[in-house]
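[1] Please find the sequence and the predicted model below.
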Number of protein chains: 2
Amino acid sequence: MPELAERNRDKVARRQVDKFAERRAQLAAAALQTLAELGYARTSLRDIAQNSDFSHGVLHYYFSDKIELITYCVRQYKAECVTRYDGIVALAGSPDELKRGFGAAMAATLVEEATLHRLWYDLRNQSLFDDSYRSDVLEIDQSLERMIWRIVSKFSDLAGAPLAVPSNAAYAVFDGLFQQALIRYLAGSPDAAQNLDENVQRVLESLTIRPPSQA
Amino acid sequence: MPELAERNRDKVARRQVDKFAERRAQLAAAALQTLAELGYARTSLRDIAQNSDFSHGVLHYYFSDKIELITYCVRQYKAECVTRYDGIVALAGSPDELKRGFGAAMAATLVEEATLHRLWYDLRNQSLFDDSYRSDVLEIDQSLERMIWRIVSKFSDLAGAPLAVPSNAAYAVFDGLFQQALIRYLAGSPDAAQNLDENVQRVLESLTIRPPSQA
DNA sequence: CCGGTATCTTGACAACTGTCAAGAGATTGT
DNA sequence: ACAATCTCTTGACAGTTGTCAAGATACCGG
C-alpha cells in the first residue's frame, strides 16, 4: 500500500511541522518577554533561553540565527496589535462614541502593554540602522497606519466632516502621542494615561475640518 | 609673591581645564558620529576611538566610563538642536510665513541631519530600558517641547486663533510626524521631505481653532 | 522491545566587550 | 636642560557574545 504509507508519512510530517512551529512560537514568546524587559541592545540568546524551559543551544535548532529569531518575534507581535482597535470601529454609532472609545483604548494599551510597546519602538529604531529588520518593520508600520486610518476615516464619516490630513500624517500624529505618553508613563508620571486619552480625543477632533458653525 | 604664584597656578589650571574640556568635546564629536552611523547597540568604545585621532585607551582618560561618555554626547547634541527653529519664530511676520518656514525647516532638518536624529530616537529609546540616561533624555525632550511650543503658540498669536491642544500634545504630534518621515527617508522614499513639509503645515493649521468663517 | 529519528543539553570556539594598569612620549614651569 | 606633570599608547584581563558540533535523551513506528 504505497498510498497508506504515503499518507502516514504525510501525517507524521505534518505533526512534526506543527510541533516544530508550536515550539518556535513558544520560544518566540520567551524572546518577546525578554526583549521587552531588557531591550534589544542588552538581550542575549542566553537571556532568552533562561526565560524559557530550554537551554541556549535549542535556539539554533529552531532558528538559524539571532536575526531570524527576532524577525519571527516581530511578526508575532504584529498579529496581536493590528486588529486591536477594530472592535471599537465596528461598534461605534456616533462620532463622540468613537472618539471616546479610541482615547480609552489607547490609554488602556499604554498601561497594559507598556513594555511590549517600548520594545516595538526599539526594534523599529534598530531597523533604521540595520537593514535586516527593515522590510518587516516597514510592513508592520504600514499595517498600523491602516488600522489608524480605519478609525480616523470612520470618525470623519460619522461626523460628516472631511479630514485635514492624509493617512500617513494621521498615523504619525497618533503614534507620536502614544510614544510621548509611553515615555512619561515609564518615567513614573501618574497621569500619563489620562493625559493620552484627552490628547487623543482633542487631536482627533482637530484633524477634521469643522463646518462653519452658523452656516 | 604668593598672589602672583596663585594667579599663575589658576591660569595654568584654567588652561588645563580648557584643554581637557576641548578634548572631551572632540572625543564626544567622534562618538556622536560613530553612534549616528552604527546605532547604540552596535557601537563599541574601540569603534569610537577609530573614528577619532586617538587610541581606545584615551577614552578612559577623559571619561570615567561608557555611560558618562554617552551622557556627555547627549548633552552636546542638545545644544545644537534646541534653538534650531528660533530664528524662524523671531522673523515670521504672518501666520502663513511661520507655517511655511516651519515646514521647510523640518524638511531641511530631515535631510541634513537624518543620521543624528535616528541616533536621538535610539538614545531616547534606550532611556526606556536603562535608567542611566533617563534624566538627561527627559530634560532634552522637555527642551524640545518648549521649542515646539514657541513656534505653535506664536502661530496661534499671529493667526488670532486659540490652540486646540496643550504643549505636550503639540510636541508629540510634530515629533511623530518627523519620526515617521525619518523612517521613510532612511528607507529611500524620495518624497519624504516634501511630504513632511506638507504634513507639518496641514497639522499646524489643524491644531488652531478656526473662527467661524462667516461670523 | 529495538532502531532510527527528532529533540535537547553540554561544552567548547573565536571574536568582541568595557575596563584598567604600566609605561612611553610630550609639554610645561623653572 | 631638568624634572614634574599631563597626555596618550599598548597590551592585557575577565566576562560576554553568537555559533556550532558532539553526544545524551526522548519519542515513535514496526
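    Perfect, thanks for sending it. Numbers count the residues shown, from 1 in each chain, chains lettered A, B, ... in the order given.
[2] who in chain A is up against DNA strand D?
    Near DNA strand D, the residues belonging to chain A are A:5, A:8, A:12, A:42-47, A:56-57, A:59-60, A:64-67 when assessed by CB under 7 Å from any atom of the strand. In this view, the C-beta of every residue, glycine as well, is placed from N, C-alpha and C.
[3] what do you get if the cut-off is 6 Å, keeping everything else the same?
    For chain A, the residues found near DNA strand D under the criterion CB under 6 Å from any atom of the strand are A:V12, A:S44, A:L45, A:R46, A:H56, A:G57, A:H60, A:D65, A:K66.
[4] can you list those residues in TSV and add secondary structure, neighbour count and pLDDT?
    Converted to TSV, these look like this (DSSP: H, G, I helix; E, B strand; the rest coil; neighbours: other CB atoms under 10 Å in any protein chain shown; pLDDT from 0 to 100):
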residue	secondary structure	neighbour count	pLDDT
A:V12	helix	10	55
A:S44	coil	12	98
A:L45	helix	17	98
A:R46	helix	12	98
A:H56	helix	14	98
A:G57	helix	9	96
A:H60	helix	13	97
A:D65	coil	12	96
A:K66	helix	16	97
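[5] Quickly check the residues you listed for the two that are furthest apart.
    Across the residues of chain A next to DNA strand D, the longest distance by CB to CB is 35.2 Å; it joins A:V12 and A:S44.
[6] and the residue of chain A found nearest chain B, what does it touch?
    For chain A, the nearest residue to chain B under the criterion CB to the nearest CB is A:G176, separated by 1.9 Å. In this structure, A:G176 makes contact with B:A172, B:V173, B:F174, B:D175, B:G176, B:L177, B:Q179, judged by CB atoms under 8 Å, 6 or more residues apart in numbering or on different chains.
[7] A:A104 too?
    Under the criterion of CB under 8 Å, 6+ apart, the neighbours of A:A104 are A:D197.
[8] Any figure for the gap between it and DNA strand C?
    Spatial separation of A:A104 from DNA strand C under the definition CB to the nearest atom of the strand, to the nearest Å is 41 Å.
[9] Please apply the same query to A:C73.
    Separation of A:C73 from DNA strand C (CB to the nearest atom of the strand): 18 Å.
[10] Help me confirm that that residue is found in a helix?
    Yes: under DSSP: H, G, I helix; E, B strand; the rest coil, A:C73 sits within a helix.
[11] Quick check: it touching A:Q33?
    No: with the criterion set as CB atoms under 8 Å, A:C73 and A:Q33 do not qualify as a contacting pair; they are 9.9 Å apart.
[12] Pick out whichever of the two has more residues nearby.
    A:C73 (25 against 17; other CB atoms under 10 Å in any protein chain shown).
[13] Could you pull up the residues touching that one?
    With CB under 8 Å, 6+ apart as the criterion, the residues that contact A:C73 are A:A28, A:A31, A:L32, A:L35.
[14] Need the nearest residue in space to the third one, chain neighbours excluded.
    This means A:L32. Spatial nearest neighbour of A:L32, excluding adjacent residues (CB to CB, 6 or more residues apart in numbering or on different chains): A:C73 at 5.1 Å.
[15] Give me the pLDDT for that neighbour.
    Listed pLDDT for A:C73 reads 95.
[16] same deal with A:L98?
    If you check A:L98, the pLDDT there is 98.
[17] likewise the one 4 residues further on?
    Looking at A:F102, its pLDDT stands at 98.
[18] Please identify which helix or strand holds it.
    A:F102 belongs to helix A:95-112 when elements are defined using DSSP states H and E.
[19] From the contact counts, what lies against the helix or strand that that helix is followed by?
    Under the assignment DSSP H and E, the closest C-terminal helix or strand after helix A:95-112 is helix A:114-126. With contacts taken as 3 or more CB pairs under 8 Å, 6 or more residues apart in numbering or on different chains; DSSP states H and E, helix A:114-126 sits against helix A:2-38, helix A:66-81, helix A:134-159, helix A:167-186, helix B:114-126.
[20] give me the low-pLDDT residue ranges for chain A?
    By pLDDT under 70, the low-scoring segments of chain A are A:1-17, A:211-215.
[21] again, only using 90
    Using pLDDT under 90 as the threshold, the predicted model of chain A has low-confidence ranges A:1-19, A:77-81, A:83, A:209-215.
[22] Can you tell me the centre-most residue of it?
    Per CA atoms, centre = their mean, the C-alpha nearest to the average position across chain A is that of A:C81, at 3.7 Å.
[23] so that one touches A:L144, yeah?
    Yes: using CB under 8 Å, A:C81 is in contact with A:L144, at 6.9 Å.
[24] Which of the residues in stretch A:79-99 are classified as buried?
    Neighbour-count burial for stretch A:79-99 flags A:C81, A:Y85, A:I88, A:V89, A:A92, A:P95, A:L98, A:K99 (criterion: 16 or more other CB atoms under 10 Å in any protein chain shown).
[25] for stretch A:121-133, that is, sorry about that
    Residues of stretch A:121-133 classed as buried under the neighbour-count rule (16+ other CB under 10 Å) are A:Y121, A:D122, A:L123, A:R124, A:N125, A:Q126, A:S127, A:L128, A:F129, A:D130, A:S132, A:Y133.
[26] got the contact list for the fifth one?
    It refers to A:N125. B:G39, B:R118, B:Y121, B:D122, B:N125.
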